[in-house]
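Chemist: What would the 3D arrangement of this be:
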Amino acid sequence: MRRRRGAAEPGEAIEHVVDQLGGWSRVEARRMFSGYGLFRDGLMFGLFVRDTLHFKTDDGNRGDYEAAGMAPFRYRRGGRTVALGYHAVPAEAVDDPDMLAAWAEKSFAAAARKAADARRRAARPGRRTARGR
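Modeler: All right, here's what the predicted structure looks like:
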């Protein structure tokens with residue numbers, strides 16, 4: 001895990017997750033808001049907040065999390081509850097590197113699909129740029 005100068009040191013729990021995923025791929029934990037984002041090859045596929053690991057979900061893997069009874073990551077903003085495309089990872093997977101890698105692989109694929117969709121949308125003819133031109 002790379003650490004940046006001045007960045008808050010990660011706790012043992014996030015270091016454990018990164019170590020467990022080490023046999024799967026090089027994973028970087030980056031401090032974000034009140035937790036950490038987990039990145040592989042520049043794509044965020046995981047979120048660690050309030051001592052809970054969440055992985056990216058979409059139509060391709062959301063059913064796995066729902067079948068395991070895992071809830072989506074939610075937070076309160078402006079009096080509303082907001083749900084993100086991340087679900088809690090089953091506790092038994094966190095301590096089993098092979099099982100965690102299998103869940104992570106599907107989540108990384110979900111993150112890659114989302115990134116590809118965003119690139120396709122941005123490349124559409126007639127699409128305005130961020131400056132409105």
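Chemist: So what's the residue count around Phe73?
Modeler: 19 (other Cβ atoms under 10 Å). C-beta here means a position set from N, CA and C on the backbone, and glycine is covered the same way.
Chemist: Packing partners of the helix or strand bottoming out on mean pLDDT in the chain?
Modeler: Lowest on mean pLDDT, DSSP states H and E among the helices and strands of the chain sits strand 72-77, with a mean of 91. Contacts defined by 3 or more Cβ pairs under 8 Å, 6 or more residues apart in numbering; DSSP states H and E place strand 72-77 against strand 80-88.
Chemist: Now do the strand it packs on, average pLDDT.
Modeler: For strand 80-88, the mean pLDDT works out to 94.
Chemist: ok, which stretches of the protein are helices?
Modeler: Under the criterion DSSP state H, helices of the chain are mapped to 12-21, 62-67, 91-94, 97-122.
Chemist: What is the longest one packed up against?
Modeler: Contacts of helix 97-122 with other secondary structure elements, assessed using 3+ Cβ pairs under 8 Å, 6+ apart, are made with helix 12-21, strand 43-49, strand 52-56, helix 91-94.
Chemist: any chance of these in JSON lines, plus distance to Thr81, mean neighbour count and mean pLDDT?
Modeler: Supplementary listing: these in JSON lines, determined by distance: least, Cβ to Cβ, whole Å; neighbours: other Cβ atoms under 10 Å; pLDDT from 0 to 100:
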{"stretch": "helix 12-21", "distance to Thr81": "25", "mean neighbour count": "16", "mean pLDDT": "95"}
{"stretch": "strand 43-49", "distance to Thr81": "15", "mean neighbour count": "21", "mean pLDDT": "96"}
{"stretch": "strand 52-56", "distance to Thr81": "15", "mean neighbour count": "25", "mean pLDDT": "97"}
{"stretch": "helix 91-94", "distance to Thr81": "23", "mean neighbour count": "14", "mean pLDDT": "96"}
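Chemist: possible to save the ones you listed as CSV with distance to Tyr75?
Modeler: Formatted as CSV, the helices and strands packed on helix 97-122 follow (distance: least, Cβ to Cβ, whole Å):
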stretch, distance to Tyr75
helix 12-21, 18
strand 43-49, 8
strand 52-56, 11
helix 91-94, 21
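Chemist: Which one of the ones you listed lies nearest to Ala68?
Modeler: helix 91-94 (8.8 Å; Cβ to Cβ).
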